[in-house]
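Asker: For reference, the sequence and a predicted model appear below.
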Amino acid sequence: MFLCFLLNFQALKLNSKCAKALYRRGKAKEGLNEWASALSDLRGALSLSRNDKVIQRDIMCLKKLMLNYLKREKVWYKKMFPRYAINQK
């Protein structure tokens, strides 16, 4: 993943308006769990290639991944600090 990220960085230095390179860098960042940065790259790729269904799908999947992680993290912290958890009825 890291090698892919570096190669895409070099490709973007040559042509910063390349949707494919932005998309690939976004997917590499997703694999490295740099989700906010990956989302930014995927949105940039989508702005260059508006009707690309694959990019649209990957943005939705990444948003779901981020939301699921936040939900799991919330459960973990409730277990770590049960005294401070807010009781929701």
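Answerer: Received it, and whenever you're ready, just let me know what you need.

Asker: What average pLDDT does whichever helix in the chain runs longest get?
Answerer: When the chain is parsed with DSSP state H, its longest helix is helix 53-80. For helix 53-80, the mean per-residue pLDDT is 93.

Asker: going forward, begin numbering at 12 instead of 1
Answerer: In the new count, where the first residue is 12, that last one comes out as helix 64-91.

Asker: distance of the residue positioned nearest the centre of the chain from Leu25?
Answerer: Nearest residue to the geometric centre of the chain (C-alpha atoms, centre = their mean): Trp46, 3.2 Å. According to C-beta to C-beta, to the nearest Å, Trp46 stands 26 Å off from Leu25. The way it works is simple: take the backbone N, C-alpha and C, and place the C-beta from them, glycine included.

Asker: Ala56 too?
Answerer: According to C-beta to C-beta, Ala56 and Leu25 sit 16 Å apart.
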